[in-house]
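1. no FASTA, just this:
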């Protein structure tokens with residue numbers, strides 16, 4: 001999310017302070033990226049081709065791996081809820097919306113997956129992933145990178161060809177998430193699972209950070225309703241689509257696509273935790289904040305680590321769902 005770009009940048013600067021020379025990657029070691037032909041591009045394609053997350057190349061495999069470790073610990077309950085990276089011996093793993101390759105690399109170096117497929121709309125992101133895989137000397141036989149488009153109504157893979165799907169922070173940015181979920185069902189083998197993260201409506205990000213800190217305390221997003229403000233308060237003010245879902249809403253969408261679906265909870269960001277510590281008491285007393293948001297804040301319970309829960313689930317922005325194809 002855009003509010004975390006500064007902290008990501010500082011971590012990368014810290015990592016790079018340990019390395020003076022980048023490792024060169026010969027052109028012949030890079031994979032050929034498959035490109036799916038399409039006649040039109042959407043605003044989603046254009047935006048994410050220009051706003052690739054973590055868009056600076058890593059210099060060494062060690063730097064890349066250190067960043068994965070930082071990322072896994074930076075969001076409380078992220079690693080646990082998404083079960084990174086699990087066991088996938090001899091499986092075909094699809095990372096849909098792979099970006100610059102964080103989890104393509106993670107599955108490649110931390111599991112014994114037979115093949116890891118990364119699909120993304122951004123040629124820049126796929127080039128970064130390609131370079132990163134070469135740094136880690138991952139066998140090209142285990143990797144496939146595919147450039148697709150938000151305008152396509154299909155996933156460019158064969159029926160029942162995938163054992164596991166990982167899709168983190170992507171569907172809420174797409175034009176047709178329901179269609180993509182049906183495609184996930186088509187390409188998964190029977191009995192296989194998918195782990196999906198979409199933005200969580202029942203979160204401190206929506207009810208406190210957006211509705212109170214940004215819209216009331218800071219006076220941002222004048223003239224916009226809450227959902228419009230939320231869209232501008234996640235991945236940049238010009239991000240074309242950034243939805244959030246309640247657990248019941250997204251679970252229903254997944255079941256309509258044919259899946260069994262369980263909501264695991266919403267992993268948290270430092271921004272949310274800091275907002276609660278600084279602003280929660282004032283928000284509950286502020287007449288300008290709608291009762292819906294006050295009720296959410298007042299209803300929170302806390303685990304032994306002091307992390308907030310709502311209705312028994314962690315109350316962070318990263319809503320994690322586990323899907324199974326019967």
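-> Great, that's in hand. A quick note: this is a predicted structure, and the numbers were derived from the prediction, not measured. Numbering: from 1, shown residues only.
2. so where do the helices sit in the stretch 101-250 of the chain?
-> Taking DSSP state H, counting those that start in this stretch as the criterion, the stretch 101-250 of the chain carries its helices at 102-110, 123-135, 177-187, 204, 226-232, 247-256.
3. Deepest in the core, which of the ones you listed is it.
-> helix 204 (a mean of 32; mean count of other C-beta atoms under 10 Å). Quick note: C-beta positions are derived from backbone N, CA and C, even for glycine.
4. Now render the helices of the stretch 101-250 of the chain as TSV, adding distance to residue 241 and mean pLDDT.
-> Compiled in TSV, these are given as follows (distance: least, C-beta to C-beta, whole Å; pLDDT from 0 to 100):
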stretch	distance to residue 241	mean pLDDT
helix 102-110	21	97
helix 123-135	17	95
helix 177-187	9	98
helix 204	22	98
helix 226-232	7	97
helix 247-256	15	98
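5. Where does the residue lying farthest from the centre of the chain sit: helix, strand or coil?
-> Relative to the C-alpha centroid of the chain, counting by C-alpha atoms, centre = their mean, residue 287 is the outermost residue, at 34.4 Å. Assigned with DSSP: H, G, I helix; E, B strand; the rest coil, residue 287 falls in the coil class.
6. do the one 5 residues further on as well
-> Classification of residue 292 into helix, strand or coil gives helix, according to three-state DSSP.
7. could you check the distance from it over to residue 301?
-> Remark: distance between residue 292 and residue 301 (C-beta to C-beta, to the nearest Å) = 18 Å.
8. what packs against the helix or strand hosting residue 80?
-> Per DSSP states H and E, residue 80 falls inside helix 78-82. On a contact count with 3 or more C-beta pairs under 8 Å, 6 or more residues apart in numbering; DSSP states H and E, helix 78-82 meets helix 61-74, strand 260-267, strand 318-324.
9. Partner strands of the last one and their direction?
-> Paired with strand 318-324 in the same sheet, following DSSP bridges, are strand 188-199 (antiparallel), strand 260-267 (antiparallel).
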